[in-house]
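[1] Sequence below, structure please.
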Amino acid sequence: MTVLKKIGIILGILLLLFLILGLVMPKDITVNYTRSIDVPANYLYNMAQDLKAAAAWNPFIAEDPTMEITYSEKTAGEGASYSWKSEAMGNGSAVYTKLIPNQRIDADMTFEGMDKSKYYYKFKADGNKSTDMSWTMETHLGFPYNVFAPFFKYSIKKNYKKGLSTLEELAEKRYEDNIYNGFEVMDKSQAKRSFIMSRNVVAFDDIQKFYSQNLGAIFQKVQAEGLTMKGMPCGLFFKYDMLSKTADMAAAIPVNEEKTIKDLTSITIDDRPAIVVDYYGKYEDTGKAHDAIDAYMIDHGLLMDAPVIEEYVTDPLTEKDPAKWLTKVIYYYTKVNK
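    Now for the predicted structure:
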């Protein structure tokens with residue numbers, strides 16, 4: 001028997017085995033990993049139900065730092081979705097299809113060239129603080145991909161373990177140190193404050209223009225009335241309309257006392273509890289600080305009381321480095337009865 005003939009027989013046997021495996025190996029695959037995390041379920045749920053927050057512990061994103069990610073306009077809750085392009089991980093998309101607050105999140109996921117998959121997170125409280133969080137994928141692997149199912153399951157489970165381990169580390173910081181979205185969130189009572197302001201409904205894109213047109217004029221009138229400035233210029237936000245992308249807001253100067261001034265309005269906010277974040281950076285990125293406070297308030301059962309205040313502590317005319325611009329973001333609140 002020639003060498004080539006022997007090789008042919010061996011290859012034929014291997015091919016036959018491959019075909020047999022393809023017939024007997026299951027095509028419907030389930031991968032699951034569960035981890036016990038010493039954090040209440042609502043903390044973990046909030047870090048998963050927001051896709052941008054989940055990106056911080058998503059192991060597949062960590063595998064490819066060059067991955068291009070595109071989020072839908074809605075990034076949290078039912079209907080939130082994102083897509084990705086990656087040379088290492090392939091291209092695909094995912095969408096949240098059903099959520100049960102603090103209990104479960106379901107999603108559909110599609111990889112190019114493959115059948116649609118489903119994955120879900122489940123959160124099961126284990127005592128007052130600890131939570132068993134599971135991450136499960138259900139997918140269909142047609143022939144010949146099902147032959148490699150054991151390797152597929154091992155790889156996915158390894159990544160799920162890595163992801164939930166990272167989530168555990170981040171969640172413990174959030175729970176124990178009040179670190180949200182990279183910001184320290186502080187519960188600080190605020191003293192009574194009065195403001196002289198110009199209030200209007202302003203498009204999000206025109207907020208900086210609104211400040212430029214009004215803050216200087218307000219300051220001049222405050223000085224003319226003999227009032228003392230008690231802090232730095234502020235933005236007061238009474239209501240947001242995400243549909244029209246506008247805000248009922250005011251450009252405001254904090255003063256020593258409330259006073260009626262022609263063409264301007266005034267407001268006094270009594271001393272009350274508030275959540276505060278010190279944000280350093282460009283003004284257009286302050287939304288990250290607001291997101292951190294929103295998550296904190298949900299976790300702690302707090303309800304925002306308008307107005308939200310942004311106090312622009314650093315003068316950009318004297319400090320040219322945006323990384324050093326301090327904005328204090330302040331949310332007054334009341335407790336929600338649970």
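
[2] and I105, how many neighbours?
    23 (other CB atoms under 10 Å). For glycine as for every other residue, the C-beta is placed from the backbone atoms N, C-alpha and C.

[3] who's in contact with it?
    When the contact criterion is CB atoms under 8 Å, 6 or more residues apart in numbering, the partners of I105 are Y45, A48, Q49, Y96, K98, L99, Y120, Y121.

[4] Got the confidence number for the third one?
    Yep, that's Q49 we're talking about. For Q49, the pLDDT comes out at 91.

[5] partners of the host helix or strand of M304 in the sheet?
    Element membership for M304, per DSSP states H and E: strand 302-312. The strands that strand 302-312 pairs with in its sheet are strand 234-241 (antiparallel), strand 326-335 (antiparallel) (by DSSP bridges).

[6] What average pLDDT does that strand get?
    95.

[7] now it, how far from the chain's geometric center?
    Remark: strand 302-312 is offset 19 Å from the chain centroid, using CA atoms, centre = their mean, to the nearest Å.

[8] Show residues contacting it.
    Residues from elsewhere that reach strand 302-312, judged by CB under 8 Å, 6+ apart: 231-239, 249-250, 254, 267, 269, 272, 275, 283, 286, 290, 296-297, 325, 327-336.

[9] Now, of these, which are buried?
    Listed as buried from the contacts of strand 302-312 are 231, 233-237, 249-250, 254, 267, 269, 275, 283, 286, 290, 296-297, 325, 327-333; burial here means 16 or more other CB atoms under 10 Å.

[10] Would you map out the domains in this structure?
    Following automatic domain parsing, one gets these domains for the chain: 24-177, 186-335.

[11] Show me where the protein has its helices.
    Using DSSP state H, the helices of the chain run over 3-24, 41-49, 51-54, 59-63, 149-177, 207-224, 287-299.

[12] what about these, which gets the closest to K188?
    K188 sits nearest to helix 287-299 of all the helices of the chain, at 12.0 Å, using CB to CB.

[13] sorry, back to before: just so I know, which of the helices of the chain lies nearest Y71?
    Short answer: helix 51-54, nearest of the helices of the chain by CB to CB, at 6.2 Å.

[14] list the buried ones in the closest one?
    Going by neighbour count (16+ other CB under 10 Å), the buried part of helix 51-54 is L51, A53, A54.

[15] contacting residues around that helix?
    46-48, 71, 75-76, 80-82, 96, 181, 291, 295.

[16] How many residues are close by Y160?
    There are 22 residues near Y160, going by other CB under 10 Å.

[17] what separates the residue sitting nearest the centre point of the chain from N46, distance-wise?
    Residue closest to the mean C-alpha point of the chain, counted by CA atoms, centre = their mean, is A53 at 3.2 Å. In this structure, A53 and N46 are 7 Å apart, going by CB to CB, to the nearest Å.

[18] Mutual contacts of these two, please.
    Shared contacts of A53 and N46 (CB under 8 Å, 6+ apart): A295.

[19] where does the chain have its least confident helix or strand?
    helix 3-24 (a mean of 52; mean pLDDT, DSSP states H and E).

[20] hang on, the earlier thing: the domains of the chain: lowest mean pLDDT?
    Mean pLDDT values for the domains of the chain show the minimum at domain 24-177, a mean of 87.

[21] Just the buried ones from the contacts of I105?
    Using 16+ other CB under 10 Å, the buried ones in those are Y45, A48, Q49, Y96, L99, Y120, Y121.

[22] my guess is the fourth one contacts Q49, does it?
    This means Y96. Yes - counting by CB atoms under 8 Å, Y96 touches Q49, with 7.3 Å between them.

[23] shared neighbours of the two, which are they?
    G77, A80, I105.

[24] Just give the nearest non-adjacent residue to the last one, would you?
    If I follow you right, that is I105. Y121 (4.6 Å; CB to CB, 6 or more residues apart in numbering).
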